[in-house]
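Novice: pasting the sequence and the predicted coordinates here, then a few questions.
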Amino acid sequence: MAGPPPPCATLLVFTLLFLCTEAEGFAALQTKVFKYRIWDMDQKLLYLRNDQLVAGHLQGANAALEEKVFWVPNRSFAQARQPVILGIQNGTRCLASPAAPRPTLRLEDTDIRALPRAGDASAPFTFFRSYKDGMWRFESAANPGWFLCTSARAHEPLGLARGPDATRVLDFYFQLC
């Protein structure tokens, strides 16, 4: 009959568990946040107005209103779909689109670096990137077939649409700052 493990074996097990836990925590702290500019194919930039993200032509002094987009990869989803979580204001406010028959887009106060660890609960914050002819599209993970869009008219809120039409623009330029 085997007795208890020797003290050095127990210490080794606890040390390995501690190191694994520390490594996971360190990896979570090391989530790289990328800073990009985003504008639609009609050259409308994103900015905040009345706590909504809108797209419009910003010129002169108004150019300083442009919101930079911060993003992190979301490894909870198939990497082939290029899943990302998008936010503004250094990643403290993230775009969210909870599952719904007619989905809407909103800003939620949350830390962009914490969301990739949320697994399936991060779906409302996740968008799948696709690239074609120099332009990007962002499909909602929680609402398949719905894409991030701007209005064809300037200074309207960012939203979601099923596809491009005369009133919605789904194609964006996405450039590292």
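Specialist: That came in fine, so what should we check first? Numbers count the residues shown, from 1 in each chain.
Novice: quickly list the domain ranges of this structure.
Specialist: The chain resolves into domains spanning 1-30, 32-176 when parsed by automatic domain parsing.
Novice: isn't residue 87 right up against residue 69?
Specialist: Yes. The criterion here is CB atoms under 8 Å, and residue 87 meets it with residue 69 at 7.3 Å. Quick note: C-beta positions are derived from backbone N, CA and C, even for glycine.
Novice: can you list the low-confidence ranges for the chain?
Specialist: By pLDDT under 70, the weakly predicted segments of the chain are 1-30.
Novice: sorry, back to before: I'd like the domains of the chain as JSON lines, with mean neighbour count appended.
Specialist: Below are the domains of the chain laid out as JSON lines (neighbours: other CB atoms under 10 Å):
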{"stretch": "domain 1-30", "mean neighbour count": "9"}
{"stretch": "domain 32-176", "mean neighbour count": "17"}
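Novice: so what's residue 62 up against?
Specialist: Contact analysis of residue 62 by CB atoms under 8 Å, 6 or more residues apart in numbering lists residue 47.
Novice: how long is stretch 112-128 from one end to the other?
Specialist: Terminal residues of stretch 112-128 lie 16 Å apart, using CA to CA, to the nearest Å.
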